[in-house]
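Student: Next comes the sequence, and after it the predicted model I'd like to discuss.
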Amino acid sequence: MSEPASAMSERQSRRVAFATLIGTTIELYDFFIYATIASLVFSQVFFAPAGAGVAQLLSFATIGISFVFRPLGAFLAGHLGDRVGRRTMLVATLVLMGGATTAIGLLPTFETAGVLAPVLLLLLRILQGIAAGGEWGGAVLMAVEHAPRGWRGRAGAFPQLGSPLGMILASGVTALMTGVISPGQAFLDWGWRIPFLFSVVLIVIGFVVRLSVDESPVFAEMAAKRARSKTPVVELFRRHWALVLLAALIMAGNNAGGYVTMGGFLSSYTTDPDGPFGLDRTSVLLAITGAAVVWAFTTYAAGVLADRIGRRRINLIGYGCLILAVFPMFALVSTGSVWLLFVGVSLFTFGSGLAFGGQAAWYTELFPASVRYSGVAISFAIGSIIGGAFAPLIASAVLQSTGTLYAVAFYLLGMFVLATIACVLLRDRPDIDLGPDNQAEQERGATVFDRRPLQPADSPASL
């Protein structure tokens, strides 16, 4: 079988991969900056009248509310991405996410605008969720569909790197504000706004970069041959609902771990002045930033390894590491030492990166070309709801009701076990032709329940 007619060289593929990296980093910065600052100050800025404990839960709830609207973004972007193109939707989601993020930095507080302030915050957070729902799927497909065989895992790791790099950027900028530019009360008064307003600069950069790359060669062939589905979302759920569910569970495990450790819960818990530790806010942010660097390295390593040992295998190794690391991590956090917090979270992000880096290529190869954007985007969105939407809220509620971090560890352990089971039930198809002419082969053999044989060109060793 041949690659798509317009498949690109490895050098050209690398250029597209870097473009997706820049775009996803910018969008994930927007998303993580919200989670980081919401956990640190929004309980006082927008929800103070509710009382300290309830206000913190409400802050975490606003983190989760955007995930509820991710499926809407995924449905819209998936339908349009399979109909009008991947690149168009990537530019649209970038502008929507960046615009909402910038507007948050301009919001009035509860003190000046009353209940209108949290209402506007929720509306902007919903827009962020809609944008995020369509972003990941498009970036993944642009990177992987441009890549030649044997390089898909590595190419797919580039948009995946947007998560740790976005976290590094968000934590780093926040640490700069809390430790240098606006320490103490100044951060609460006005400093928290600057990281949101900084998104304007990032939007311009991302917009230029994303317009500079060509449309996916797979979609270009689909358009030329008029092979696009008229109702891709309907077709997806009618024929491939099991794939969507299993792929969503794999993503759910990673999301739950990421949003508990990196997405606000740990930073809020360890820096709470009324909590058991009351650690310095800037020190904790720097520790999390350092752990995100480990996450970035293992994410890229997983993409490389996915091309060598298979997508499913590297995911299983990653989730195995997470299962082994979850209790030691919380034991290290419970010491109250910033250095041991860094070690514990780094131990955790090592496994998280391994379970994350190869997912882009795997997801792309699971779904047929005609519904691929819809399948990848919707699986990601549903997985984000199951695992990430209210993970900080759930962790905080579990901690408040039990008084022990180890109860949170059991919650994450359950999510990792579900993700591991889903990995086992999906098959690996690293050599499958992604082009629209190969629809029949793409329709079969993606799960262990589908016993229909694959074509000889597929790799039996990886199944």
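Tutor: Yep, that arrived.
Student: quick one: low-confidence parts of this structure?
Tutor: 1-11, 81-86, 214-216, 218-230, 263, 389, 451-463 (pLDDT under 70).
Student: tell me, what residue is most central in it?
Tutor: Ser163 (5.8 Å; CA atoms, centre = their mean).
Student: quick one: which helix or strand includes that one?
Tutor: helix 152-176 (DSSP states H and E).
Student: burial of Met65, as a residue count?
Tutor: One thing to correct before we go on: residue 65 is Ile, not Met. Ile65 is flanked by 18 other residues according to other CB atoms under 10 Å. The way it works is simple: take the backbone N, C-alpha and C, and place the C-beta from them, glycine included.
Student: what ranges do the helices span in the stretch 301-450 of the chain?
Tutor: Under the criterion DSSP state H, counting those that start in this stretch, the stretch 301-450 of the chain contains helices at 311-333, 338-354, 359-366, 372-383, 391-402, 405-425, 439-442.
Student: Now mean neighbour count and distance to Leu305 too, for the ones you listed, in CSV please.
Tutor: Shown next, in CSV, are the helices of the stretch 301-450 of the chain (neighbours: other CB atoms under 10 Å; distance: least, CB to CB, whole Å):
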stretch, mean neighbour count, distance to Leu305
helix 311-333, 22, 5
helix 338-354, 23, 8
helix 359-366, 28, 11
helix 372-383, 30, 21
helix 391-402, 20, 27
helix 405-425, 19, 15
helix 439-442, 16, 24
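Student: okay, these in CSV with distance to Thr24 next?
Tutor: Shown next, in CSV, are these (distance: least, CB to CB, whole Å):
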stretch, distance to Thr24
helix 311-333, 19
helix 338-354, 15
helix 359-366, 10
helix 372-383, 12
helix 391-402, 20
helix 405-425, 21
helix 439-442, 25
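Student: out of these, nearest to Glu235?
Tutor: Checking these against Glu235 by CB to CB gives helix 372-383 as the closest, at 8.1 Å.
Student: If I take that closest one and helix 405-425, what angle do their directions form?
Tutor: Here the directions of helix 372-383 and helix 405-425 differ by 150 degrees (axes from the mean of the first three to the mean of the last three CA atoms, to 10 degrees).
Student: just checking, what packs against helix 372-383?
Tutor: helix 70-83, helix 116-146, helix 232-239, helix 241-261, helix 359-366 (3 or more CB pairs under 8 Å, 6 or more residues apart in numbering; DSSP states H and E).
Student: Show the subsequent helix or strand relative to the fourth one.
Tutor: Downstream of helix 241-261, the next assigned helix or strand under DSSP H and E is helix 265-271.
Student: From the chain's centroid, how far away is that next one?
Tutor: Mean-position distance between helix 265-271 and its chain equals 20 Å (CA atoms, centre = their mean, to the nearest Å).
Student: follow-up on the earlier one: next, the angle from the helix holding Ser163 to helix 338-354.
Tutor: Using the same axes, to 10 degrees, helix 152-176 lies at 150 degrees relative to helix 338-354.
Student: Show me what helix 152-176 packs onto, helices and strands only.
Tutor: Using 3+ CB pairs under 8 Å, 6+ apart, helix 152-176 sits against helix 10-37, helix 116-146, helix 193-197, helix 281-309, helix 359-366.
Student: out of those helices, nearest to Gly445?
Tutor: helix 359-366 (10.0 Å).
Student: That closest one relative to helix 281-309, how many degrees between them?
Tutor: Using the same axes, to 10 degrees: helix 359-366 against helix 281-309 is 40 degrees.
Student: what angle do helix 359-366 and helix 241-261 make?
Tutor: Angle, helix 359-366 to helix 241-261, by the same axes, to 10 degrees: 170 degrees.
Student: report the angle between the axes of helix 359-366 and helix 10-37?
Tutor: Going by the same axes, to 10 degrees, helix 359-366 makes 120 degrees with helix 10-37.
Student: mind checking how far Gln439 is from Val371?
Tutor: 10 Å (CB to CB, to the nearest Å).
Student: show me the contacts for Leu94.
Tutor: The contact partners of Leu94, by CB atoms under 8 Å, 6 or more residues apart in numbering, come to Gly23, Ile26, Glu27, Ala131, Glu135, Ile203, Gly206, Phe207, Arg210.
Student: and which of those residues is nearest to Ala61?
Tutor: Among the contacts of Leu94, Ala131 lies closest to Ala61 (CB to CB), at 19.4 Å.
Student: Can you name the residues that contact that closest one?
Tutor: Glu27, Gly73, Thr93, Leu94, Leu96, Met97, Ala100 are the contacts of Ala131 under CB under 8 Å, 6+ apart.
Student: Among these, which ones are in helices?
Tutor: Among the contacts of Ala131, the members found in helices (DSSP state H) are Glu27, Gly73, Thr93, Leu94, Leu96, Met97, Ala100.
Student: Tell me if I'm right that the second one and Ile382 touch.
Tutor: What that stands for is Gly73. No: using CB atoms under 8 Å, Gly73 is not in contact with Ile382, being 12.0 Å away.
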